[in-house]
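# structure, please.
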Amino acid sequence: MKEILILMLLLAATTVFGQGTYLIGSATLAVKGTSNLHDWESSAKEVRGKADLTIAEGKLSAINSLIVDVLVKSIKSTKGSIMDNKTYDALKAEAHPKITFKLERATPVKQSGSFFSP
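Predicted coordinates for the structure are as follows:
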């Protein structure tokens with residue numbers, strides 16, 4: 001595995017305005033990479049997380065905290081179970097059954113449109 005690219009799409013489960021804690025209602029996580037044999041792709045079926053967001057006038061104004069957990073054994077490859085087992089071995093799934101992403105800081109970006117639709 002020479003390089004790994006992780007893509008995440010997080011969708012909040014609730015439609016609430018103001019500051020609050022939001023649980024991830026649905027998420028997609030894809031892991032893509034290359035090896036000396038072939039390109040490969042896996043996706044995680046169990047992604048959990050929560051975010052503390054500040055929303056003002058329908059716009060995201062601050063991400064105060066964000067934590068996302070991925071259950072390692074929920075990562076499945078398009079190449080089948082042999083690749084799945086190689087992934088679990090590489091990630092040491094028995095010793096570390098969960099991958100946790102914890103946001104350390106967020107840089108504000110200009111937003112157009114509404115974050116949530118009422």
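
# report the strands that pair with the lengthiest strand in the chain, each with its relative direction.
Among the elements of type strand in the chain, defined by DSSP state E, the one spanning the most residues is strand 18-34. Within its sheet, strand 18-34 is paired with strand 3-12 (antiparallel), strand 39-44 (antiparallel), strand 47-56 (antiparallel), according to DSSP bridges.

# distance from that strand to the middle of the chain?
On the basis of C-alpha atoms, centre = their mean, to the nearest Å, strand 18-34 is displaced by 4 Å from the centre of the chain it belongs to.

# now swap in stretch 41-50 and tell me
From the chain centre to the centre of stretch 41-50 is a distance of 6 Å (C-alpha atoms, centre = their mean).

# got the end-to-end distance for that stretch?
25 Å (C-alpha to C-alpha, to the nearest Å).

# give me the contact list for it.
Defining contact as C-beta atoms under 8 Å, 6 or more residues apart in numbering, one finds that stretch 41-50 is touched by 8, 10, 21-24, 27-33, 66-71, 74-78, 83-84, 87, 101. Using the backbone N, CA and C atoms, a C-beta is placed for each residue, glycine as well.
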